[in-house]
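**Student:** Show me how the following folds:
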Amino acid sequence: MRRAQRNSLRLLQWMMAASLALPVALFAIAATISYTSTRDIADREIERTLDVAHEHALKVFETIDRSLAELNEVVRGLSDDTIRAREPTLHRRLKRLTDSLPQLKSAWIFDADGKALVNSLASPPPEVSFADRDYFYAHVDQSIGTFIGMALTPRPPYQGARFFGVSRRRESDDGRFTGVIQASVLPEYFESFYARIGSDPGSFFAMGRTDGAMLTHFPRLDHDLRLDPTGPVGQEIAARPDHGLITIAWPSDGIERRIGYRRVAEYPIYVSAGLATSAIRARWLATMGQHLVFGLPATALLFLLLALAFRRTQNLQAEAAKRREAEEALKHSQRLEALGQLTGGVAHDFNNLLTVIRASVDLLNRPQLTEERRQRYITAIADAVARAAKLTSQLLAFARRQTLKPEVFDVGERMQSLHDMLAPLLGSAIEIAMRLPAEPCLVRADAGQFETALINMATNARDAMQGKGRITFKVEVATTVPDTLAAASGSHIPANHGFVSVTVSDTGIGIPAARLGRIFEPFFTTKQVGHGTGLGLSQVFGFARQSGGEVTVTSELGHGSTFSLYLPRVPAELLPQRQAPNTAPAVAGSGMSVLLVEDNIELANFAADGLTELGYSITLVDNATDALAELVVDDDRFDVVFSDVVMPGMTGLDLAQAIRERGIDVPVVLTTGYSQALSQDGAAGFDLVQKPYSIEELSRVLHRAARIRQVRDGAAE
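**Tutor:** Residues are numbered from 1 along each chain as shown. So this is what the prediction gives:
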C-alpha cells in the first residue's frame, strides 16, 4: 500500500512539473501556428483587397477608354477649322463628360501641333502648345492605341491638382496624324478610394506603369517615384509578370511590407495592395497576448489544483476520464459543423465555375469571333476547370452521404469512360487492367457518386501499392452476393435482376485482419498525418448503402486487397433515351439596360460580355450596396436588375427587398448556385435563375422580366 501511495505521490509530482513545462511548450507551438495562420489570413486579405483595387482600376480605365473612343468618333473626319467652329458645343460636351466622371480632371482635343482645339476647362482654350507632353508626342510617329502618361503638374494658365494623361491618336482617313484626344486623370481619386478600402493599420496601395513610374500611392508621397526595373521589386515582377505576392522593403520609405501586385488587363499598368509586416506582427502579438491573459491564470490554477490534489489520485483520474470524453464529443461536433460549412461553400463556388464554363462555351459559339477573344474564353475555361478540380478534390475529401440523384446507366460503359482519367491519376508506374462484359450491365444509382467511389477505391489501391503495381477493374453480373446484402434486399429486389458487381483488386501490401472491420469508418486512416482524411472509403460505404447495395473487402498481407461494390441491376428497357438539348434561341437586348450585381469577377465579366453581344447595355457593380446607390441616383436608366444572392454584406435578396421597400420601380431577377440560401424565405416573389445558367436562358428571363420603357426623344430606351 505504501509503495502504491509513493508511486501515486511521485506521479503527482511529475504532473506538477509537467503542469508548468507543458503549457510553455504548448505556448511555443501555438505561437508558431498562430504566426503562420496570421500571415495566411493577411495574405488572403491582401488578395481580396487587390481584387477590389484591380477591378476598380480596370473599370476606371475601360470607362476612360470608351469615352475617348466616343470623342474620337465625334470629331473623326472633321478639320481643325470645323472643330474650332463647333468649339462651344464640344466644350459643353467635354465638360459634361468630366462632371460625370469623378476620376477626370479635364478632357482635351489637340491639333497636330499640340495646341488645344477644345478642352473642358476653358472656352475658347488659350493658345498654349502641349507638344512636349508625353501624352502628345507618344502618338506623333505611330499608332500605339491607348497611352497612359506619367504624373504631371498643370501648365499655366491652368492650375490645380497633379494628373496623368490617358490619350488616343487622331488620324485622317489615310492614316495621317491629325492630333490627340486626351483625358487628365486625378491620382487623388485613386488615393481617396484606397483610403476607404484600406482602413486597417499598415495598409498600402500603389498603381504604376510597367516601366516603374508610379502614378498614385497610398500613403501619399510628396515626391515622384520610379522603381528601378533591375531592383528587387522589378526583378520580382519580371519573374512573374502577371501577378504575385512578395515581402519586400518598399523603395519609397524602406518599410517592409507584404505586397500583392497584378497587371490591369491589356493596359501597361500594375496595381498593388499590401500590409506592413509590422502590422501583421502586431496582430499576431495581440492574439498571443490574449492567450497569455487566459493561459497564465489557467496554468497557475492547474498547478494549485494539482498540489491540493496530492492525495486524491483516484478522483483526478476519474475527472481526467470525463474530460477526455467531453473533448472527444467536442471534436465530433466540430467535424460535423465543418462538413456542413464545407458542403455549402463548395457547392456555391462550384456552381460559379460551371456558369463561367457554360458562358464561355456559349460565347465561343458566336459567329465572327476574333481570335483574341476566342483564346481568352478558352483560357477562362481551362482556368475554371482547374479550380473546379481543386474544389472537387476538397469535396471528395470531406463529403459523405449527400442527397443522391439516381439515374440508369451502363456500368461497363461508364468504367470505360473513366479509363483516361484514371491513368494520369494513378501514375505511369501502375498498370491498369479492365475486364468489362460484352453485354450491358445496367444499374440505377447516382452516376457522379459512382465515379467518385471508383476514384476513391482506385486511389486507395494506389497508395497501398506505394505508386507501383497493377490494379484490375472487373465488372460482371454477380452470381453470389454477401449474406448481409441478401438478407437486407431480398424482399424488394426481384430475383431475376440481381446485382452488378464492380471489383477493384491491387497488388499492394494488404490490410491486417484487425483493421478490416474499421476501414469504412469515417475519419479512420492508416496513413501518416497529412496524407489522408479517412473519408474516401467512408464515401464508398455510404454510396453503396444509399444505393441499395453493399461494399466488401478481402485482403491478405503481402498479397493485395480486393474491394467489391454491389449495385442493384435493372432491366435494359429502363435505360432512358437521350434527348436533344434545349436549343431555344437567345433574345436580343435591343438596347435594354441591365444593372448586373455579382461579386465573382470572372462570372460577372462573362455574363456582361454575353449580354453585351446580344445588344444589352450593362452596368456592372460587385456588391449590393453600390447597386442600391446606383438605383437611388437614377433608377430610370435601368430596365432590370440582375443580382447574385450570395454576396458578402448585403445579399441579393436583401437588395431586392430594399428596392421593393423604397418603391423603386425596377424588376429584379435573382440568381444563385446554392439552393439553401433561399430555403427559409424562398425567392419572395422575385424571378430566380439557378446557376449554372446559359446566356440564352438568361436573356430570355431578363427580357421577360424587364419593364417596358417609355419612348423619349423619338427613340425607345
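**Student:** distance of Ala544 from Phe450?
**Tutor:** Distance, Ala544 to Phe450, by CB to CB, to the nearest Å: 10 Å. C-beta: built from backbone N, CA, C; applies to glycine.
**Student:** Now for those two: what residues contact both?
**Tutor:** Among the neighbours of Ala544, those also in contact with Phe450 (CB atoms under 8 Å, 6 or more residues apart in numbering) are Leu567.
**Student:** These two - which one has more neighbours?
**Tutor:** Each of Ala544 and Phe450 has its neighbours counted (other CB atoms under 10 Å); Phe450 has more, 26 against 23.
**Student:** Hmm, Met415 and the more buried one touching each other?
**Tutor:** No - judged on CB atoms under 8 Å, Phe450 makes no contact with Met415 at a distance of 9.4 Å.
**Student:** now the strands for the stretch 401-550 of the chain?
**Tutor:** Using DSSP state E, counting those that start in this stretch, the strands of the stretch 401-550 of the chain run over residues 407-410, 430-435, 442-445, 469-477, 499-506, 550-555.
**Student:** May I see the buried residues of the fourth one?
**Tutor:** Right, the one you point to is strand 469-477. By 16 or more other CB atoms under 10 Å, the buried positions in strand 469-477 come out as Gly469, Ile471, Thr472, Phe473, Lys474, Val475.
**Student:** now, which of these sits nearest Glu407?
**Tutor:** Among the buried residues of strand 469-477, Val475 lies closest to Glu407 (CB to CB), at 17.5 Å.
**Student:** close enough to count as contact, that closest one and Pro440?
**Tutor:** No - using CB under 8 Å, Val475 is not in contact with Pro440; the gap is 10.3 Å.
**Student:** which residues are in contact with stretch 503-516?
**Tutor:** Residues from elsewhere that reach stretch 503-516, judged by CB under 8 Å, 6+ apart: 454, 457-458, 461-466, 469-474, 519, 526, 553, 555-565.
**Student:** Let me see the mean pLDDT of that stretch.
**Tutor:** Throughout stretch 503-516, pLDDT has a mean value of 85.
**Student:** picking that back up, overlap in contacts, Val475 and Pro440.
**Tutor:** Gly412.
**Student:** Are any of the contacts of stretch 503-516 buried, and if so which?
**Tutor:** Buried among those by 16+ other CB under 10 Å: 454, 457-458, 461-465, 469, 471-474, 519, 553, 555, 560-565.
**Student:** And Glu697, how close does it get to Leu688?
**Tutor:** Counting by CB to CB, the gap from Glu697 to Leu688 is 12 Å.
**Student:** got it, and Leu26?
**Tutor:** Look at Leu26 and Leu688: by CB to CB, they are 50 Å apart.
**Student:** Of these two, which one has the most company?
**Tutor:** Between Leu26 and Leu688, Leu688 has the larger neighbour count (other CB under 10 Å), namely 17 against 13.
**Student:** could you pull out the strands for the stretch 151-300 of the chain?
**Tutor:** Under DSSP E, counting those that start in this stretch, the stretch 151-300 of the chain gives strands at 163-171, 177-185, 203-209, 214-218, 243-249, 256-263, 269-276.
**Student:** List the pairing partners of the second one within its sheet, with orientation.
**Tutor:** The reference is to strand 177-185. strand 104-110 (antiparallel), strand 163-171 (antiparallel) (DSSP bridges).
**Student:** Single out the most deeply packed of those.
**Tutor:** Ranked by mean neighbour count under mean count of other CB atoms under 10 Å, those are led by strand 104-110, which reaches a mean of 25.
**Student:** contact partners of it?
**Tutor:** Residues from elsewhere that reach strand 104-110 (CB under 8 Å, 6+ apart): 64, 67, 71, 75, 83, 90, 94, 97-98, 116-121, 130, 136, 158, 160-161, 163, 170, 179-186.
**Student:** so what does the helix or strand following that strand touch, helix or strand wise?
**Tutor:** Using DSSP states H and E, the next helix or strand after strand 104-110 towards the C-terminus is strand 116-119. Strand 116-119 sits against helix 80-85, helix 87-100, strand 104-110, with contacts defined as 3 or more CB pairs under 8 Å, 6 or more residues apart in numbering; DSSP states H and E.
**Student:** pretty sure Ala57 is touching Val271, no?
**Tutor:** Yes - contact criterion CB under 8 Å: Ala57 and Val271 qualify, at 5.0 Å.
**Student:** residues shared between the contacts of the two?
**Tutor:** Contact criterion CB under 8 Å, 6+ apart; residues shared by Ala57 and Val271: Met207, Val264.
**Student:** So which of the two has more stuff around it?
**Tutor:** When Ala57 is set against Val271 and neighbours are counted by other CB under 10 Å, the residue ahead is Val271, at 27 against 22.
**Student:** Look up how far Gly198 lies from Asn605.
**Tutor:** To Gly198, Asn605 is 24 Å away according to CB to CB.
**Student:** An error on my part: the question was meant for Arg660.
**Tutor:** Noted for Arg660: a distance of 34 Å to Gly198, by CB to CB.
**Student:** who has more neighbours, these two?
**Tutor:** Gly198 (20 against 15).
**Student:** contacting residues for that one?
**Tutor:** So Gly198 contacts Thr49, Phe204, Phe205, Phe218, Ala273 (CB under 8 Å, 6+ apart).
**Student:** Of these - the most surrounded one?
**Tutor:** Scoring these on neighbours with other CB under 10 Å, the highest-scoring entry is Ala273 at 29 neighbours.
**Student:** Switch the strands of the stretch 151-300 of the chain over to CSV; also include distance to Ala300 and mean pLDDT.
**Tutor:** Shown next, in CSV, are the strands of the stretch 151-300 of the chain (distance: least, CB to CB, whole Å; pLDDT from 0 to 100):
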stretch, distance to Ala300, mean pLDDT
strand 163-171, 61, 94
strand 177-185, 61, 95
strand 203-209, 39, 94
strand 214-218, 46, 93
strand 243-249, 38, 91
strand 256-263, 37, 94
strand 269-276, 36, 94
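**Student:** want to try TSV for those strands, with distance to Leu611 as columns?
**Tutor:** Below are the strands of the stretch 151-300 of the chain laid out as TSV (distance: least, CB to CB, whole Å):
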stretch	distance to Leu611
strand 163-171	26
strand 177-185	27
strand 203-209	29
strand 214-218	32
strand 243-249	27
strand 256-263	26
strand 269-276	26
